[in-house]
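> coords below, sequence missing:
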């Protein structure tokens with residue numbers, strides 16, 4: 001459901017990428033600035049990543065089936081992974097253009113109009129990035145957040161390029177242009193590295209962030225006075241979905257119905273705090289020593305009460 005709601009924002013990103021690419025190519029045609037050309041090349045990455053994001057969000061919105069019982073929410077990571085690869089290719093293109101301009105410098109003309117077009121493209125990117133960031137936070141979509149962060153990198157890069165073109169127009173130091181382009185290339189490369197690192201970590205089932213872990217364990221506190229204990233909390237993020245599992249230890253004299261009602265109440269409380277969460281509980285008797293034997297347990301939080309009752 002969340003991925004389906006996120007798709008219109010990916011369409012918005014595609015439209016913005018096409019518009020900004022046209023503006024920046026126009027600015028390059030007017031000024032001849034390789035810095036503006038590098039900016040336009042990065043916009044092709046924005047376009048490709050927006051298209052991939054739309055495809056990934058469409059796949060993520062596909063309901064679970066017999067072959068994928070946990071759903072398809074991890075498809076969002078294809079978007080960030082492929083985007084990282086696109087960024088590396090664009091960085092190579094930017095570097096090649098910058099070196100070529102260093103070896104064969106050319107004069108820049110009509111900078112005023114070119115700067116105006118680049119500023120318009122930057123303003124458009126900044127506006128769309130803000131919209132995508134808010135939507136990504138609201139819908140818990142890593143694809144939208146990654147697209148937003150990439151656009152904001154493009155915004156700050158564009159600001160630097162515009163300033164460089166303006167300085168060249170004022171000072172006549174044309175060697176600034178390829179140097180700024182090289183800086184753009186390194187900035188794009190850093191963005192690609194960051195996105196790939198985040199993607200790899202998520203694909204390896206990274207746990208939920210500390211704030212969400214704290215929200216989960218806070219749901220346990222009201223039941224500890226009843227002699228209930230919790231342990232083996234395990235979490236992972238898969239696109240817009242969060243998977244949470246833990247063991248609930250209750251007094252052995254409790255009925256199955258009472259234990260079931262307790263688990264239902266806790267699962268509901270967690271779902272209200274963490275949108276898109278899928279909670280799985282395992283009920284165990286406090287008195288059974290086997291309930292406490294979990295050598296592979298990795299405690300995610302010191303606040304999780306795992307001590308045996310006296």
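Perfect, thanks for sending it. Just so we're clear, the structure is a prediction, and the values are computed from it rather than from any experiment. Residues are numbered from 1 along each chain as shown.
> what's the pLDDT at residue 276?
We have a pLDDT of 79 for residue 276.
> actually residue 36, not the one I wrote
68.
> go on, residue 113?
67.
> what do you get for residue 270?
So residue 270 comes in at 93 (pLDDT).
> After the helix or strand bottoming out on mean pLDDT in the chain, which helix or strand is next? Please name it.
When each helix and strand of the chain is scored by mean pLDDT, DSSP states H and E, helix 142-171 comes last, with a mean of 75. Counting by DSSP states H and E, the next helix or strand C-terminal to helix 142-171 is helix 176-203.
> Would you mind getting the angle between that next one and helix 142-171?
170 degrees (axes from the mean of the first three to the mean of the last three C-alpha atoms, to 10 degrees).
> In the stretch 201-310 of the chain, what residue spans correspond to helices?
In the stretch 201-310 of the chain, the helices defined using DSSP state H, counting those that start in this stretch lie at 210-218, 221-224, 256-273.
> And these: which comes nearest residue 117?
Nearest to residue 117, of all the helices of the stretch 201-310 of the chain, is helix 210-218, at 41.9 Å by C-beta to C-beta. Where you see a C-beta, it was placed from the backbone N, CA and C, and this is true even at glycine.
> For that closest one, give the mean pLDDT please.
pLDDT averaged over helix 210-218 gives 90.
> Report pLDDT for residue 266.
pLDDT for residue 266: 93.
> Look at it and say how many residues are nearby.
21 (other C-beta atoms under 10 Å).
> which ones are touching it?
219, 220, 223, 248, 279, 281 (C-beta atoms under 8 Å, 6 or more residues apart in numbering).
> Nearest residue to the third one in space, please, no chain neighbours.
Nearest in space to residue 223, with sequence neighbours left out and distances taken as C-beta to C-beta, 6 or more residues apart in numbering, is residue 262 at 6.7 Å.
> Make a markdown table from the contacts of residue 266 and add neighbour count to it.
A markdown table is the format used below for these (neighbours: other C-beta atoms under 10 Å):
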| residue | neighbour count |
| --- | --- |
| 219 | 20 |
| 220 | 21 |
| 223 | 17 |
| 248 | 20 |
| 279 | 21 |
| 281 | 19 |
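> ok so, going back, with distance to residue 137 as added columns, please give the helices of the stretch 201-310 of the chain in a markdown table.
A markdown table is the format used below for the helices of the stretch 201-310 of the chain (distance: least, C-beta to C-beta, whole Å):
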| stretch | distance to residue 137 |
| --- | --- |
| helix 210-218 | 13 |
| helix 221-224 | 27 |
| helix 256-273 | 15 |
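> Compare the ones you listed and give me the one nearest residue 142.
Short answer: helix 210-218, nearest of the helices of the stretch 201-310 of the chain by C-beta to C-beta, at 14.1 Å.
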